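A.B. asks: Structural data only, the sequence is not supplied:
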């Protein structure tokens, strides 16, 4: 008691207290991992930058405060930067934690108690040892030392930040087992936002009120900075979440992003993702669609059902798309229980034509103009006229559509050519077949030996001009003799063959013994001919067929399921 009261100085207690705050990792744990700028015991306001980044500071004992009564020292950190004449602008990006009065006194008492016992040990150091007394002393020292960290954690519990009225508020956080930063972040009074917000809330007239009257555009950096400056907005931990919200708004068509390049050309983004380099560019602007002019139109927005009121049937023309984007228009989008106006930005004719050409080249649209038909291939100059028709992409042809039974008019004496088959299919389709679609079908037919080229056939692959020289026949199956002498079709002459209808579990058994089979057949040609049958005559759902083909083609492209 004498050491506690008389021989432990206040200066020593204070120094121990500051050191203990620095050692108590739970006060700042998790903040740096969240990309937050962390400050432990900053000496003055200038130690915390006013740069728009989110800052979390653990203040020293001099900033001791009460709930509802932030101390003058704590206020200075929020009000000032380098002095009273330099006010802090980005007050909404700063959250402080200070000790409470009763908590601070309790922490000092725990430290003084520990230092008092250490003083006792020092005084008894030269006296004759008494094991019982030494054990009691060591136990008292250890217990006193263990009580210090929790006392410090409980003391630093007053959260200080500006509220939505820009007033500096102080409230007491409930300190538990969780790290202090996580506790503060979860407290609704701190108004800290860690995830992306709603893009609609950033519109003019929205709750965030980020636009001035009749303002057609705003710099993205200014919108990001507004969350650090405007106390009515949530405190955003990272700029990334604000940029993600802006990007989400652009992808949804709520905003248009625009960037003037060094050569004065303009790049725009609408209903597509802003690239990373542009997101970080200080010149990037956000525009309202009704007041924007697109210099670039993403090809994927032209597909059926992507844009409201663009497609009014299975076919539209290039002229329809040009008119749709000729000037800012407003269309109606039906939500669950209400209709909502949706602004369409204007887009130059050249940008529309470029988007259409890219959409055809990428295979998301099928273009027909007279005898010309293109899908997943470059559109030649002069074909992309206003009268050109656009349709949803044509599905791949099934192999049985190429046979003599399907198009007998194209076959003569069991033989045909690629041009004749293509022309016959075009008659059935009612339009010229895109060469890329027909070429893929022939590739599949050759790979699966559904069709073969004659020895005098022209080369393959080729373009449409050389199609007449590609002579086709249906391959003849050769007889293979099994061990019992019975003849079956398939495989080279003289080969031994075994065949069976395998259930999936039997196929799994075959895979397990496959290494032994390969080893036993070492030095002898060994091949496996696999046939997969899906369905029993009823229509197989398209999604089932597509998902299975994706898996099978990962093994071998020839395993793709076809009719």
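C.D. replies: Here it is on my side, so go on. Quick caveat, the model's predicted, so the values are computed rather than measured. Numbers count the residues shown, from 1 in each chain.
A.B. asks: for residue 100, phi and psi?
C.D. replies: Here is the backbone geometry of residue 100 (degrees, to the nearest 10): phi -80, psi 160.
A.B. asks: check contacts around it.
C.D. replies: 64, 65, 66, 67, 155, 157, 158, 172 (C-beta atoms under 8 Å, 6 or more residues apart in numbering). Every C-beta, even on glycine, is put in place using the N, C-alpha and C of the backbone.
A.B. asks: can I assume the fifth one is in contact with residue 104?
C.D. replies: The reference is to residue 155. Yes - judged on C-beta atoms under 8 Å, residue 155 makes contact with residue 104 at a distance of 5.0 Å.
A.B. asks: And the two? Which one has more around it.
C.D. replies: Here residue 155 and residue 104 are set side by side on neighbour count (other C-beta atoms under 10 Å), and the busier one is residue 155, at 27 against 21.
A.B. asks: Can you tell me the closest non-neighbouring residue to that one?
C.D. replies: residue 103 (3.3 Å; C-beta to C-beta, 6 or more residues apart in numbering).
A.B. asks: again, but for residue 330
C.D. replies: Excluding its sequence neighbours, the residue lying closest to residue 330 (C-beta to C-beta, 6+ apart) is residue 341, at 5.0 Å.
A.B. asks: Also residue 149?
C.D. replies: Closest to residue 149 by C-beta to C-beta, 6+ apart is residue 24, at 5.7 Å.
A.B. asks: measure the one you found to residue 62 for me?
C.D. replies: 18 Å (C-beta to C-beta, to the nearest Å).
A.B. asks: neighbour count winner among these two?
C.D. replies: Higher neighbour count among residue 24 and residue 62: residue 24, with 21 against 13, using other C-beta under 10 Å.
A.B. asks: so where is the stretch 51-200 of the chain shaky, pLDDT-wise?
C.D. replies: 126-129 (pLDDT under 70).
A.B. asks: and residue 435, backbone torsions?
C.D. replies: When quoted as degrees, to the nearest 10, the phi and psi of residue 435 stand at phi -60, psi -30.
A.B. asks: ok, it - contacts?
C.D. replies: 373, 374, 377, 422, 463, 464.
A.B. asks: which residues does the fifth one contact?
C.D. replies: It refers to residue 463. Residue 463 touches residue 435, counting by C-beta under 8 Å, 6+ apart.
A.B. asks: Report the residue spans of the stretch 201-350 of the chain with pLDDT below the cut-off.
C.D. replies: By pLDDT under 70, the weakly predicted segments of the stretch 201-350 of the chain are 336-337.
A.B. asks: residue ranges of the strands in it, please?
C.D. replies: Chain-ordered strands for the stretch 201-350 of the chain, with DSSP state E, counting those that start in this stretch as the definition, fall at 217-219, 235-236, 256-260, 266-269, 285-287, 293-294, 316-317, 329-334, 339-344, 346-347.
A.B. asks: Those strands: which one's closest to residue 438?
C.D. replies: strand 316-317 (24.0 Å; C-beta to C-beta).
A.B. asks: returning to what we had before: a markdown table for the strands of the stretch 201-350 of the chain, including mean neighbour count and distance to residue 546?
C.D. replies: Converted to a markdown table, the strands of the stretch 201-350 of the chain look like this (neighbours: other C-beta atoms under 10 Å; distance: least, C-beta to C-beta, whole Å):
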| stretch | mean neighbour count | distance to residue 546 |
| --- | --- | --- |
| strand 217-219 | 16 | 42 |
| strand 235-236 | 22 | 41 |
| strand 256-260 | 21 | 33 |
| strand 266-269 | 19 | 30 |
| strand 285-287 | 22 | 38 |
| strand 293-294 | 22 | 33 |
| strand 316-317 | 16 | 26 |
| strand 329-334 | 12 | 29 |
| strand 339-344 | 14 | 31 |
| strand 346-347 | 21 | 33 |
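A.B. asks: Using CSV, lay out these together with distance to residue 300.
C.D. replies: Output for the strands of the stretch 201-350 of the chain, formatted as CSV (distance: least, C-beta to C-beta, whole Å):
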stretch, distance to residue 300
strand 217-219, 24
strand 235-236, 30
strand 256-260, 16
strand 266-269, 13
strand 285-287, 20
strand 293-294, 14
strand 316-317, 16
strand 329-334, 18
strand 339-344, 16
strand 346-347, 14
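A.B. asks: For residue 189, which of those strands is the nearest?
C.D. replies: Per C-beta to C-beta, nearest to residue 189 of the strands of the stretch 201-350 of the chain: strand 235-236, 11.1 Å.
A.B. asks: I'd like to know how far residue 136 sits from residue 121.
C.D. replies: Distance from residue 136 to residue 121, by C-beta to C-beta: 11 Å.
A.B. asks: Settle it for me: which of the two has more neighbours?
C.D. replies: More neighbours surround residue 121 than the other of residue 136 and residue 121, with 15 against 11 (other C-beta under 10 Å).
A.B. asks: Could you check which helix or strand contains that one?
C.D. replies: Element membership of residue 121, judged by DSSP states H and E, is helix 101-123.
A.B. asks: nearest residue to the most centrally placed residue in the chain other than its sequence neighbours?
C.D. replies: Residue closest to the average C-alpha location in the chain (C-alpha atoms, centre = their mean): residue 244, at 9.3 Å. Distances taken as C-beta to C-beta, 6+ apart place residue 196 nearest to residue 244, at 4.4 Å, with adjacent residues excluded.
A.B. asks: same deal with residue 203?
C.D. replies: Nearest residue to residue 203, sequence neighbours excluded (C-beta to C-beta, 6+ apart): residue 254, at 6.7 Å.
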